[in-house]
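Participant: Predicted model, plus sequence, below.
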Amino acid sequence: MPIITVEHLSKHFKVYKRRTGFWGSLSSTVSRQHDIIRAVDDVNFSLERGELVGYIGANGAGKSTTIKMLTGILVPTSGHIDVMGLTPYRHRKENTRRIGVVFGQRTQLWWDLPVIDSFELLKHIYEIPQNLYKQNLKFFSEMLQLQPFLSTPVRRLSLGQRMRCDLTAALLHNPEILYLDEPTIGLDVVAKEQVRQFLRQINAERQVTVILTTHDLNDVEQVCQRLIIIDSGKIIYDGGIDALKERYGKTRMLIVDLAQAYSDIQLEGVDLTRREGNRIWLAFERDTISASEVIAQLTALYEIQDLTISEPEIEEIVRRIYEMGVG
Amino acid sequence: MRRYFKLYFLLAGAYVRSRLQYRLSFGFMCFGIIISEACLLGLLGALLAKFRTVNGWTWAEVVFLYGLGNLSYSLMRILGSQLDDFDRYIVRGELDGVLIKPVPPLFYLLASRVELVHVSRALTSVVIFVIAFHLSEIRWTLDVALFTLTTILSGTLIMFTLMLVSATVALWTTKSGKLTDLLISATKEATAFPISIYPLAVRVLLTFILPVAFVTYYPAQQLLQKSEFLGMPESFQFGAPVVALVMLCISYLFWCSGLRRYHSTGS
């Protein structure tokens, strides 16, 4: 029994055209023409309890719109959403009690008050029983080392500290699902790692189902088991990360420093994709030719100083999918 | 119900504590409000000293209207300041944060901003009102006290509903700050003078469309023992609570439809 089922979900927005100039704006107030933006277009997926899913896409691809529909903020234009047996926009209040939401760009904490005050307020807003609250607060402040700044006003926290507090705030009422909209945006490497570690841990220890949207594919690679890629409102990939690499990550890259600038480089089964001075980038397919064969060809013809092989990064794969679509 | 009372005080308390982090600015705001109230009252006094009466209303009676209107106004500002710049919530996407809480959105919004700065305004109005009450030689009885209290509360509600309507407009247009300012300052000024000074069209507007005449003018007929109804039914002097309730229903329904619209567009 999936915890979230999304069927034929669409969200269309009307965007009114504004004509320029005085007469233009006058006539557009009288007769308004509009374009329809299909922010989310016939999307289907389902999540099992305890899954950790990365939901990625370029800006404006429809990530946030999907999250807003799942959390009950937006009503779908058409289609069906089932979250733990509830329809989020229709059962907004019941749904909010069972989910946690973190917006990376906006804090849900009381800006001028000590961190602990925000937690206390949330205790009352979500009607969390005192013992559960105590227990959870202890758990999270140990795990995320919140103790040193629990009585510091939120506005004086660093971004990383604030994100740790926001995560706690979203989880105090023991939600079954946690939605994160770009939770690592703007964080430094150490803070990002802390957030990722934390997400893995609550998923493993508390069976919280996690959906996160992100631009940082390292988040996805290190945290998620499953990846959903959305582009122009449509899902273009849904599956495991390894499977994605397997399917689209066959192209490897050999970076070679040559001893001199050879004018013409011709190798069999290899594409010269880039050239900078004496350094060349050679792309080849895993299936057709092995690295040692390429190197053998090279050394036979040219004098080489140094070389490295780079395996396809998920970043690269996703970029290619965005650019070319799914082949 | 008890839960909401408690939650209201907790959220309001959190806002007040946040504000008190900046004591100096809080103090300056209070001071500024008192000064501006004093100036307005001085202006009113100067005008009346020159003209003696306004359409048959004495100096004391006009100050009475002013004090009454201002009391309702300051209560509305204390409790409903969130709606002042509600469009900010939409522009910055903060309304989403409200919609993911297991609490009715309007309740949450109002509770999380109770503006104690306006207590300074309320206190000045109380002083003005008590003086005007005394000057108008109204006898204090239980009936008068109850009527006055009902009038002030109804007036607060009527002004609040106007504010709610203009804030709700932002759910369609994203911006409504100017409309709110205009509506609120215009109606506030309108409560300070007897509406008999205005032409018929304006009187109709202030009675039926933006019914702020029920905040001061009609109830004052009863309190000041006047009978200047300008062709309107005499029962209007008791009409304030009814108008307040009707307005509350209309504006709340409007708010709900605004939220539905937000739910479907997200802007």
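Facilitator: Structure received.
Participant: OK, contacts around B:Pro211?
Facilitator: B:Ile158, B:Val243, B:Met247 (CB atoms under 8 Å, 6 or more residues apart in numbering or on different chains). The C-beta positions use only the backbone N, C-alpha and C, and glycine is treated the same way.
Participant: so how many other residues sit close to B:Ala244?
Facilitator: 24 (other CB atoms under 10 Å in any protein chain shown).
Participant: For the stretch 151-300 of chain A, which residue gets nearest to chain B?
Facilitator: Nearest residue of the stretch 151-300 of chain A to chain B: A:Pro153, at 7.2 Å (CB to the nearest CB).
Participant: what's the neighbour count on that residue?
Facilitator: A:Pro153: 17 neighbours (other CB under 10 Å).
Participant: and it, how far is that from A:Pro114?
Facilitator: 6 Å (CB to CB, to the nearest Å).
Participant: now do A:Gly104
Facilitator: 22 Å.
Participant: These two: who's more crowded?
Facilitator: Comparing A:Gly104 with A:Pro114 by other CB under 10 Å, the one with more neighbours is A:Gly104, at 21 against 18.
Participant: Give me every residue in chain A lying close to chain B.
Facilitator: A:13, A:65, A:68, A:71-75, A:77, A:89, A:92-94, A:96-97, A:99, A:101, A:103, A:106, A:108, A:110-113, A:117, A:121, A:124-127, A:153 (CB under 8 Å from any CB of the partner chain).
Participant: now those: which count as buried?
Facilitator: Neighbour-count burial (16 or more other CB atoms under 10 Å in any protein chain shown) applied to the residues of chain A next to chain B gives A:13, A:65, A:68, A:71-75, A:77, A:89, A:92, A:94, A:96-97, A:99, A:101, A:103, A:108, A:110, A:112-113, A:117, A:121, A:124-126, A:153.
Participant: In contact with B:Ile131, which residues?
Facilitator: B:Ile131 neighbours (CB under 8 Å, 6+ apart): B:Val63, B:Gly67.
Participant: Name the SS class of the closest residue to chain A within the stretch 101-250 of chain B, please.
Facilitator: Closest residue of the stretch 101-250 of chain B to chain A, CB to the nearest CB: B:Pro102 (4.5 Å). Applying DSSP: H, G, I helix; E, B strand; the rest coil to B:Pro102 yields a three-state assignment of coil.
Participant: how about the helices in the stretch 101-250 of chain A?
Facilitator: A:115-125, A:130-143, A:159-171, A:189-206, A:217-223, A:241-248 (DSSP state H, counting those that start in this stretch).
Participant: Could you list every helix and strand in contact with the longest one?
Facilitator: When you say that, I think you mean helix A:189-206. strand A:52-56, helix A:159-171, strand A:209-214, helix A:217-223 (3 or more CB pairs under 8 Å, 6 or more residues apart in numbering or on different chains; DSSP states H and E).
Participant: Out of those, flag the one nearest B:Ile195.
Facilitator: Ranking the helices and strands packed on helix A:189-206 by proximity to B:Ile195 (CB to CB) places helix A:159-171 first, at 50.5 Å.
Participant: got the contact list for the closest one?
Facilitator: Against helix A:159-171 from outside (CB under 8 Å, 6+ apart): A:100-102, A:104, A:107-109, A:115, A:118-119, A:122, A:136-137, A:140-141, A:144-146, A:149, A:154, A:157, A:178, A:183-184, A:186-188, A:190-191, A:194-195, A:198, A:202, A:208.
Participant: Which members of these are classed as buried?
Facilitator: Here, 16+ other CB under 10 Å leaves A:100-102, A:104, A:107-109, A:115, A:118-119, A:122, A:136-137, A:140-141, A:144, A:146, A:149, A:154, A:157, A:178, A:183-184, A:187, A:191, A:194-195, A:198, A:202, A:208 buried among these.
Participant: what stretches of the chain score poorly on pLDDT?
Facilitator: No chain in the question, so chain A it is. Within chain A, the ranges that satisfy pLDDT under 70 run A:17-22, A:24-32, A:324-327.
Participant: The chain in question should be chain B.
Facilitator: B:266-267.
Participant: Give me every residue in it lying close to chain A.
Facilitator: Contact residues, chain B versus chain A (CB under 8 Å from any CB): B:3, B:6-7, B:10-11, B:14, B:17-19, B:21, B:92-94, B:96-97, B:99-103, B:260, B:263-266.
Participant: What remains of those residues if I keep only buried residues?
Facilitator: Applying 16+ other CB under 10 Å to these flags B:7, B:10-11, B:14, B:18-19, B:94, B:96-97, B:99-103, B:263, B:266 as buried.
Participant: now, the most widely separated pair of the residues you listed?
Facilitator: B:Arg19 and B:His263 (31.0 Å).
Participant: Which residue ranges of the chain form strands?
Facilitator: Picking chain A for this. A:4-16, A:34-47, A:52-56, A:78-83, A:99-103, A:177-181, A:209-214, A:226-231, A:234-240, A:251-258, A:271-276, A:279-285, A:304-310 (DSSP state E).
Participant: Could you pull up the residues touching residue 8?
Facilitator: Reading this off chain A. A:Asp42, A:Val43, A:Asn44, A:Ser78, A:Gly79, A:His80.
Participant: Switch to chain B, please.
Facilitator: So B:Tyr8 contacts B:Phe107, B:Ala111 (CB under 8 Å, 6+ apart).
Participant: And it, how far from B:Gln82?
Facilitator: 12 Å.
Participant: Kindly report the same for A:Glu268.
Facilitator: In terms of CB to CB, A:Glu268 sits 71 Å off from B:Gln82.
Participant: What of B:Gly32?
Facilitator: From B:Gly32 to B:Gln82 the distance is 20 Å (CB to CB).
Participant: more crowded one of the two?
Facilitator: Neighbour comparison, B:Gly32 and B:Gln82: the larger count goes to B:Gln82, with 21 against 12 (by other CB under 10 Å).
Participant: In contact with the more buried one, which residues are there?
Facilitator: Taking CB under 8 Å, 6+ apart, one finds B:Leu109, B:Leu110, B:Ser112, B:Arg113 in contact with B:Gln82.
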